[in-house]
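A.B. asks: Got a sequence here, can you build the structure:
(chains A and B)
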Amino acid sequence: MTLFRRGYIFIDGGYLRSIVVREFIARPDIAEDPILFSTFLKLFGEKYWKSFSGIEINRLLYYDGIIPSDKDLEEHNKMLNFFNELRTQLDYFDVRLGDLIRDSQGKLKQKGVDVLISVDMVIKAFLNHYDVAILIAGDRDFVPAVRAVRELTGKYVYCIYAYKHIADELLRIVDISLPIVKDDLKEIAEKISTY
Amino acid sequence: MVITCKILLKVHYVPNQGSYIIYHVLYVIYNVHTVIAVYGGEGMISDLKEPEDIKSRFFDLLSKDEELAKATIKQSSWLAKYIWDEKKETLRKRGITWQMVMSAVRNSYPLVLSWILGRFSWRDLLDFIEKQLEHMVIIIAGA
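C.D. replies: Below is the predicted model of the structure:
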């Protein structure tokens, strides 16, 4: 009889959004519309994290940045509504928020999100909440956390990443890496956007 | 069949050689059944007709009382009941229960919402629900 490993999904929201928005030309509002975005997550999950055999996904943790309320209250509330709506749309799902800060050129940048993911990934491994962490991210900053999880707890770390948008160091250290295929995104985009 | 095999597996799993063989024979039967249940024949619910009346009723309700509409849609029994009433026999044969249909529909909530809003096709929704059901059969049967 098959034994299922408990899986936790850790999604770097900024990373996933940037991939999705690039492909969803017909629906550029995908990352602002919670119904569309949660539909996307369901279909994406079916193709990606559910493609790993022998893993039962216990929880999906979505990490993103939010504009602090003292910088722009209106935008903060708009984003908060989006995340709250996502929470109600999806089961076994949670959102953890860092900050979204404008840099010197006025571009929005996530602050503290990678650290949130890394800390959660390590703590939850030590608390034995999961057997397999499935990370959807590509930043080199995750390398120490992945190393700690693998070497100190013996848990597995898989990575779902966008081709050419992943640090080599991260790619080398994870147990299994699965690139996101453009055709899959196109197929999902067609199902959602052009119907 | 699944239940019978499960009971027999428990009864016969005693540590002596004869029972050990019986255990393995039953285990094979059990898994063959699972494979048939999961992959046997055509799609389980893929030929279901789109319930246009329910769809438009919820579409109207969403514009009148969004919160109530979403809560009702999420509750899911309306769609699970439709699927179950139409496909009960096929589903039962594959070891799928009413609770599993409820769970699969509930798990498809954002897609159901998108379908009602006209952003997602009925065929793709059924396809997704069917995958959830197949997954549940695999988990329960341990194939």
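
A.B. asks: quick one: the strands in chain A?
C.D. replies: In chain A, the segments counted as strands under DSSP state E are A:5-12, A:55-66, A:93-102, A:108-111, A:132-136, A:156-162, A:176-180.

A.B. asks: Which strands and helices lie in contact with the longest one?
C.D. replies: Using 3 or more C-beta pairs under 8 Å, 6 or more residues apart in numbering or on different chains; DSSP states H and E as the contact test, the elements touching strand A:55-66 are strand A:5-12, helix A:13-23, helix A:34-47, helix A:73-89, strand A:93-102, strand A:108-111, helix A:113-126, strand A:132-136. Backbone N, C-alpha and C define where each C-beta goes, glycine included.

A.B. asks: Centre-most residue in chain A?
C.D. replies: For chain A, the residue lying nearest the average C-alpha position, counting by C-alpha atoms, centre = their mean, turns out to be residue A:11 (1.5 Å).

A.B. asks: Could you pull up the contacting residues of that one?
C.D. replies: When contacts are counted by C-beta atoms under 8 Å, 6 or more residues apart in numbering or on different chains, residue A:11 touches A:60, A:61, A:62, A:63, A:136, A:137.

A.B. asks: just the buried members of these?
C.D. replies: Burial of these was assessed by neighbour count (16 or more other C-beta atoms under 10 Å in any protein chain shown); the buried members are A:60, A:61, A:62, A:63, A:136, A:137.

A.B. asks: Nearest to residue A:3, out of those residues: which one, please.
C.D. replies: Using C-beta to C-beta, residue A:60 is the member of these that sits closest to residue A:3, with 21.5 Å.

A.B. asks: circling back to that earlier point, looking at the buried ones among the contacts of residue A:11, which two lie furthest apart in space?
C.D. replies: Looking at those by C-beta to C-beta, the two members farthest from one another are A:60 and A:137, with 13.9 Å of separation.

A.B. asks: does any bit of stretch B:47-66 sit next to chain A?
C.D. replies: No - applying C-beta under 8 Å from any C-beta of the partner chain, one finds that stretch B:47-66 is not in contact with chain A, the shortest distance being 10.3 Å.

A.B. asks: coming back round to it: so which of the strands of chain A is nearest residue B:99?
C.D. replies: Put simply, out of the strands of chain A the one that sits nearest residue B:99 is strand A:55-66, at 17.5 Å, with distance taken as C-beta to C-beta.

A.B. asks: For the lowest-mean-pLDDT helix or strand in chain A, give me every contacting residue.
C.D. replies: Lowest on mean pLDDT, DSSP states H and E among the helices and strands of chain A sits helix A:182-193, with a mean of 84. Applying C-beta under 8 Å, 6+ apart, the contact partners of helix A:182-193 are A:19-20, A:23-27, A:30, A:36, A:39-40, A:43-44, A:47-48, A:163, B:114, B:119-121, B:124.

A.B. asks: What residues of that helix count as buried?
C.D. replies: Within helix A:182-193, the residues that qualify as buried are A:185, A:188, A:189, A:191, A:192, A:193, counting by 16+ other C-beta under 10 Å.

A.B. asks: out of the residues you listed, who's nearest residue A:79?
C.D. replies: When the buried residues of helix A:182-193 are compared for distance to residue A:79 (C-beta to C-beta), residue A:192 comes out closest, at 21.2 Å.

A.B. asks: bridging residues for the residue nearest to the centre of chain A?
C.D. replies: Following DSSP bridges, residue A:11 is listed with bridge partners residue A:62, residue A:136.

A.B. asks: Report the separation between it and chain B.
C.D. replies: In this structure, residue A:11 lies at 15 Å from chain B, with C-beta to the nearest C-beta, to the nearest Å as the measure.

A.B. asks: Residue A:76 too?
C.D. replies: Residue A:76 sits at a distance of 22 Å from chain B (criterion: C-beta to the nearest C-beta).

A.B. asks: Pull the number of nearby residues for the closest residue to that residue other than its chain neighbours.
C.D. replies: Excluding the flanking residues, the one nearest residue A:76 by C-beta to C-beta, 6 or more residues apart in numbering or on different chains is residue A:69, at 4.4 Å. Other residues within reach of residue A:69, judged by other C-beta atoms under 10 Å in any protein chain shown, total 12.

A.B. asks: Could you check the pLDDT of the residue nearest to the centre of chain A?
C.D. replies: The pLDDT attached to residue A:11 in the predicted structure is 97.

A.B. asks: What parts of chain A come near chain B?
C.D. replies: By the rule C-beta under 8 Å from any C-beta, the part of chain A lying against chain B is A:1-2, A:4, A:35-36, A:38-39, A:41-43, A:46, A:50, A:56, A:88-91, A:191-192, A:195.

A.B. asks: Report the buried members of those residues.
C.D. replies: When burial is judged by neighbour count using 16+ other C-beta under 10 Å, the buried members of the residues of chain A next to chain B are A:35-36, A:38-39, A:41-43, A:46, A:50, A:89-90, A:191-192.
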